[in-house]
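[1] coordinates only, sequence not included:
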């Protein structure tokens, strides 16, 4: 009788452990904050924009094991065209933590009717995208491949030379 109860208890513990700890979650890759320097904005009559952006990216790993990721290229887009690129070097995000990464990006936007309109409004809508490939090592036993995708949008306010409304999906 006690042996049967012990076996049922152990089975329950193993099931709870496998459904909570051993579940592989996809890490999140986001833009956390950004600051602009060396800003040069043209006029609506002669539209151009260039700046250096120092961005803090974050890799949030909610797994009970580390996330080892490969080199990743982050693209910053304006009007669907690439305005700048940053390289994130391969590294590791520890289990149940956020790895913070600092990158510098030179943003250059060429003349277009959309840029002229946005310069007159004083706000430029920029987005970022990336796909980070990697592997989650769960409790040093299981290894599962996971890719974290970044899809963020933000606004550059020309008058204050600041970035606001960073939103990631």
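    Now that the structure is in, tell me what you want to look at. Here the structure is a predicted model, which is why all the values come from computation and not from measurement.

[2] strands of the protein, start to end?
    In the chain, the strands defined using DSSP state E lie at 28-41, 49-61, 65-69, 72-78, 81-88, 91-93, 97-109, 123-138, 142-157, 162-168.

[3] ok now the third one, how far from the chain's centre?
    Once both centres are worked out by CA atoms, centre = their mean, to the nearest Å, strand 65-69 turns out to sit 15 Å from its chain's centre.

[4] pLDDT of that strand, averaged?
    Strand 65-69 shows a mean pLDDT of 95.

[5] list the buried residues of that strand.
    Residues of strand 65-69 classed as buried: 65, 66, 67, 69 (neighbour count, 16 or more other CB atoms under 10 Å). Glycine gets a C-beta too; all of them are placed from N, C-alpha and C.

[6] quick revisit: in JSON lines, list the strands of the chain along with distance to residue 22.
    Below are those laid out as JSON lines (distance: least, CB to CB, whole Å):
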{"stretch": "strand 28-41", "distance to residue 22": "20"}
{"stretch": "strand 49-61", "distance to residue 22": "15"}
{"stretch": "strand 65-69", "distance to residue 22": "9"}
{"stretch": "strand 72-78", "distance to residue 22": "26"}
{"stretch": "strand 81-88", "distance to residue 22": "28"}
{"stretch": "strand 91-93", "distance to residue 22": "18"}
{"stretch": "strand 97-109", "distance to residue 22": "19"}
{"stretch": "strand 123-138", "distance to residue 22": "6"}
{"stretch": "strand 142-157", "distance to residue 22": "7"}
{"stretch": "strand 162-168", "distance to residue 22": "27"}
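
[7] got the phi and psi for the residue nearest to residue 42 when sequence neighbours are not counted?
    Closest residue to residue 42 apart from its sequence neighbours, by CB to CB, 6 or more residues apart in numbering: residue 48 at 3.8 Å. Backbone torsions of residue 48, given as degrees, to the nearest 10, read phi -160, psi 160.

[8] neighbours of residue 48, just the number please.
    Residue 48 has 16 neighbours, counted by other CB atoms under 10 Å.
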